[in-house]
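**Q** Compute the structure for the input listed below.
(2 chains)
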Amino acid sequence: GAVVSQHPSWVICKSGTSVKIECRSLDFQATTMFWYRQFPKQSLMLMATSNEGSKATYEQGVEKDKFLINHASLTLSTLTVTSAHPEDSSFYICSAGTSGGTGELFFGEGSRLTVL
Amino acid sequence: QKEVEQNSGPLSVPEGAIASLNCTYSDRGSQSFFWYRQYSGKSPELIMSIYSNGDKEDGRFTAQLNKASQYVSLLIRDSQPSDSATYLCAGGRGNTGKLIFGQGTTLQVKP
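**A** Predicted coordinates:
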């Protein structure tokens, strides 16, 4: 399968600071990437669809000014959690599918964010 | 009603038995279905994909799809303790890549 890499795998920050998470497709180009969030013992919740060269599409209830998404190239999307608070602590996972594929998603390793 | 529903479990089976995981979906426009395995603290890993009615087998895994009943299942034969994980069912439309996930079923395979 296609390889998606995420960095950092875990991060601890103070309340009020911003954190950037990177998602890279290593062996394919991804015009679209997806950002999910997962709280303990819950399923993956789609936050936004990241589109290369255009604005991200956010799911209902996700604050676009808090979760900034930039998809500047065909292999890199970034998620910045601005002014993070303890309730933003979660497991953030990016994913991408290959062009012309049949819809399956390949996931990055995930980034565990802890806001103190 | 959730778009993709799964029994959260835990489902407990003895080693060597068949584990049966079930999933229903509400969006009749869904055309592609996937089963992901997620170990605790890790990201999901694709196990099976299925797009047409019937069965699809891959090693010890068999996925079943019944679009009329809006039902997807995953059978794991000869279950091993290493199969113990949460199994996520996901559905999507076409090849957009946008998938909706169920809440996952926790499987415990006891030695």
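**Q** Output the contacting helices and strands for the helix or strand of chain B with the lowest mean pLDDT.
**A** For chain B, the helix or strand with the lowest mean confidence is strand B:99-101, at a mean of 89 (criterion: mean pLDDT, DSSP states H and E). When contacts are defined as 3 or more CB pairs under 8 Å, 6 or more residues apart in numbering or on different chains; DSSP states H and E, strand B:99-101 packs onto strand A:45-51, strand B:85-92. The way it works is simple: take the backbone N, C-alpha and C, and place the C-beta from them, glycine included.
**Q** List the contacts of the longest one.
**A** When contacts are defined by CB atoms under 8 Å, 6 or more residues apart in numbering or on different chains, strand B:85-92 is touched by residues A:43-44, A:103, A:105, B:3-4, B:6, B:21, B:23, B:25, B:27, B:30-40, B:44, B:47, B:72, B:74, B:98-102, B:104-107.
**Q** what about burial for those, which qualify?
**A** The neighbour-count test (16 or more other CB atoms under 10 Å in any protein chain shown) applied to the contacts of strand B:85-92 identifies A:43-44, A:103, A:105, B:4, B:6, B:21, B:23, B:25, B:30-38, B:44, B:47, B:72, B:74, B:98-102, B:104-107 as buried.
**Q** Tell me what angle the helix or strand just after the least confident helix or strand of chain B forms with strand B:85-92.
**A** For strand B:99-101, the following helix or strand on the C-terminal side (DSSP states H and E) is strand B:105-110. Orientation check (axes from the mean of the first three to the mean of the last three CA atoms, to 10 degrees): strand B:105-110 against strand B:85-92 gives 150 degrees.
**Q** what distance separates strand B:105-110 from the centre of its chain?
**A** Strand B:105-110 sits 13 Å away from the centroid of its parent chain (CA atoms, centre = their mean, to the nearest Å).
**Q** now for that strand, which elements pack on it?
**A** strand B:11-14, strand B:19-25, strand B:85-92.
**Q** The last one pairs with which strands?
**A** Just to be clear, that refers to strand B:85-92. strand B:32-38 (antiparallel), strand B:99-101 (antiparallel), strand B:105-110 (antiparallel) (DSSP bridges).
**Q** ok, now which ones touch A:Thr114?
**A** Per CB under 8 Å, 6+ apart, neighbours of A:Thr114: A:Trp10, A:Val11, A:Ile12, A:Cys13, A:Ser89.
**Q** Next: B:Thr105.
**A** B:Gln6, B:Asn7, B:Ser8, B:Gly9, B:Pro10, B:Leu11, B:Leu21, B:Asn22, B:Thr86, B:Tyr87, B:Cys89 are the contacts of B:Thr105 under CB under 8 Å, 6+ apart.
**Q** who in chain A is up against chain B?
**A** Counting by CB under 8 Å from any CB of the partner chain, chain A comes close to chain B at A:1, A:6, A:32, A:34, A:42-46, A:49, A:93, A:95-97, A:100-110, A:112.
**Q** Type out the ChimeraX command that picks the buried ones from the residues you listed.
**A** A single ChimeraX command is used to select the members of the residues of chain A next to chain B judged buried by 16+ other CB under 10 Å:
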select /A:6,32,34,43,44,45,46,49,93,95,96,97,101,103,104,105,106,107,108,109,110,112
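**Q** Could you list the contact residues of chain B toward chain A?
**A** B:31-32, B:34, B:36, B:41-46, B:49, B:51, B:88, B:90, B:92, B:94-104.
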